[in-house]
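S.K.: show me the folded form of this:
(one chain, ligands or ions: 2)
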Amino acid sequence: MSKKIAVLYGGRSGEHEVSLRSAAAILAGLRAQQDLTVLPVFISREGSWQLGGVRVAVLPHPGVGGFYVLEGENAGSVIGVDLVFPVLHGTYGEDGTVQGLLELAQIPYVGAGVPGSAVGMDKILMKAALLAEGLPVGPYLWFTGAKWLSDKELLAAQVEKELGFPCFVKPANLGSSVGISKVYHQEGLLNAVEEALIYDRRILVEKFLPGREIECSVLGNDKPRASILGEIIPANDFYDYTAKYLDNRSRLVIPANLPERVAERIRKLAVQTFMALDCAGLGRVDFFVDDQHGQIWVNELNTLPGFTSISMYPKLWEATGLSFNDLLLELICLAEERFKQKEKLKTTFEAS
Ligand SMILES: Nc1ncnc2c1ncn2[C@@H]1O[C@H](COP(=O)(O)OP(=O)(O)O)[C@@H](O)[C@H]1O
Ligand SMILES: [Mg+2]
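M.R.: Ligands and ions are numbered 1, 2, ... in the order given. Presented below is the predicted three-dimensional model:
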């Protein structure tokens, strides 16, 4: 029997457009498979879910396992699905919220679960989790908007003393470089923090880490494997939104030109990062590699990385010998495996 896969795309985040592009590639790939029925579920910027132009909703109700039709002639019926592929980047998609909804609805889904998604999305929690596992994370500090309002001078002095300039100011939870500034001097800090506070109530300030931007794709559940490495050569001063999506002068170099010993070490760190955050299915781990000082830093982990046909995540697998369509099939298998594993676990305690 043909398996029914719902692809969630669009969404309420600033990365709505990127999701449309990733979804177009994934939908085409899934439709090319023999025994799959693909249901594209569009999520508007306002957060309304639509299947074939009709509003639908996921209901956390046992036995429903699909989309409840909210309007039209089939209102009240349920469209059952076997699996969901959330192709949503950023807030309300990559951050554990959609994953939580799917857990409640007992539908298998591609990618990390609730904690992996939530911690992976929150740059402050992510760094703490990685440091606890002994992974190399650069110096940083963080504060809330409220703390900034009351202790601005103190925090600014602390940034200067502990991190120096240039530094990076980031909202805790966002992606695609939105709200991120590279700050060159004390005067720039104020504007940068205010800009980041538009997007989040918690702010991260990082020491500038010199070096090349190297990325690694990870695939698997309990025994994840790492792809060969890629390098990003940003068109701008850093890999900001324009360099990522608007300026086609940014380059991806695959494979990254690194000594095998260094590449092997990075691949190992990528798998450790994936495991440290309890990821599942897929994840792209991004590094800064300082050739001069022989230093490798983990920058971040993306639990739903860009997935257009020219995005780094699938490109790295292609270069490692796994085609785009085979990658999709493997992600589906991994989602089913993770779901079955979880189903077997007891959720109640019976005293003997
Ligand atoms: N500490 C840092 N040192 C040097 N460059 C940085 C640092 N943090 C971020 N960058 C630059 O900013 C870009 C975006 O930052 P990142 O933390 O990856 O945010 P996003 O989640 O939006 O991709 C990076 O790809 C890199 O070019
Ligand atoms: Mg990044």
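
S.K.: let me see the contact set for Asn236.
M.R.: Thr242, Ala243, Asp247, Ser250 (CB atoms under 8 Å, 6 or more residues apart in numbering). C-beta: built from backbone N, CA, C; applies to glycine.

S.K.: so which helix or strand takes in the nearest residue to the first one once chain neighbours are set aside?
M.R.: Going back to what we said before, that points to Thr242. Of all residues not flanking Thr242 in the chain, Asn236 sits nearest, at 6.1 Å (CB to CB, 6 or more residues apart in numbering). Secondary structure from DSSP states H and E places Asn236 outside every helix and strand.

S.K.: same check on Ile107?
M.R.: Using DSSP H and E, no helix or strand contains Ile107.

S.K.: gap between it and Ile5?
M.R.: 11 Å (CB to CB, to the nearest Å).

S.K.: over to Phe67?
M.R.: With CB to CB as the criterion, Phe67 and Ile5 are 12 Å apart.

S.K.: contact residues of this structure facing ligand 1?
M.R.: Residues of the chain found near ligand 1 (CB under 6 Å from any ligand atom) are 138, 168, 170, 175-177, 180, 206, 208-209, 213, 234, 238-239, 286, 299-300.

S.K.: overlap in contacts, Ile107 and Ile5.
M.R.: Residues touching both Ile107 and Ile5 (CB under 8 Å, 6+ apart) are Val81, Leu83, Val84.

S.K.: among those, which ones are in helices?
M.R.: If you go by DSSP state H, these have nothing in helices.

S.K.: buried subset of these, written for ChimeraX?
M.R.: Buried subset of the shared contacts of Ile107 and Ile5, written as a ChimeraX selection, criterion 16 or more other CB atoms under 10 Å:
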select :81,83,84
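
S.K.: from the shared contacts of Ile107 and Ile5, which is closest to ligand 1?
M.R.: For the shared contacts of Ile107 and Ile5, the residue nearest ligand 1 by CB to the nearest ligand atom is Val84; the value is 23.6 Å.

S.K.: isn't the closest one up against Tyr9?
M.R.: No: between Val84 and Tyr9 no contact is recorded; they are 11.1 Å apart, counting by CB atoms under 8 Å.

S.K.: in this structure, spot the helix with the most residues.
M.R.: The longest helix of the chain (DSSP H) is helix 324-344.

S.K.: packing partners of it?
M.R.: If contacts are counted by 3 or more CB pairs under 8 Å, 6 or more residues apart in numbering; DSSP states H and E, helix 324-344 sits against helix 16-31, strand 83-87, strand 212-220, strand 281-290, helix 312-320.

S.K.: direction included, what does the third one pair up with?
M.R.: The strands beside strand 212-220 in its sheet (DSSP bridges) come out as strand 225-233 (antiparallel), strand 281-290 (antiparallel).

S.K.: please point out which parts of the longest one sit buried.
M.R.: What that stands for is strand 281-290. By neighbour count on 16+ other CB under 10 Å, the buried set for strand 281-290 is Gly281, Leu282, Gly283, Arg284, Val285, Asp286, Phe287, Phe288, Val289.

S.K.: just the strands in the stretch 101-250 of the chain please.
M.R.: 140-144, 167-171, 181-183, 202-207, 212-220, 225-233 (DSSP state E, counting those that start in this stretch).

S.K.: nearest to ligand 1: which residue in the stretch 1-150 of the chain?
M.R.: When scored by CB to the nearest ligand atom, the stretch 1-150 of the chain has Gly138 as its residue closest to ligand 1, at 5.5 Å.

S.K.: verify the stated contact: that residue with Gln295.
M.R.: No: using CB under 8 Å, Gly138 is not in contact with Gln295; the gap is 9.2 Å.

S.K.: who's Pro171 bridged to?
M.R.: Ile203.

S.K.: please tell me I have it right and it contacts Val193.
M.R.: No: contact criterion CB under 8 Å: Pro171 and Val193 do not qualify, at 9.9 Å.

S.K.: which neighbours do these two share?
M.R.: In contact with both Pro171 and Val193: Ile203, using CB under 8 Å, 6+ apart.

S.K.: about what we covered before: pipe the strands paired with strand 212-220 into CSV and attach mean pLDDT and distance to Glu264 per row.
M.R.: Below are those laid out as CSV (pLDDT from 0 to 100; distance: least, CB to CB, whole Å):
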stretch, mean pLDDT, distance to Glu264
strand 225-233, 97, 9
strand 281-290, 98, 13
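
S.K.: picking that back up, do you know which of the strands of the stretch 101-250 of the chain lies nearest Glu330?
M.R.: strand 212-220 (6.6 Å; CB to CB).

S.K.: same question for the closest one, mean pLDDT?
M.R.: Strand 212-220 carries an average pLDDT of 98.

S.K.: again with stretch 266-279
M.R.: pLDDT averaged over stretch 266-279 gives 98.

S.K.: if we can go back for a sec, name the nearest of the contacts of Asn236 relative to ligand 1.
M.R.: Ala243 (7.8 Å).

S.K.: need the helix or strand of the protein with the lowest average pLDDT.
M.R.: Within the chain, no helix or strand scores below helix 241, which has a mean of 79 by mean pLDDT, DSSP states H and E.
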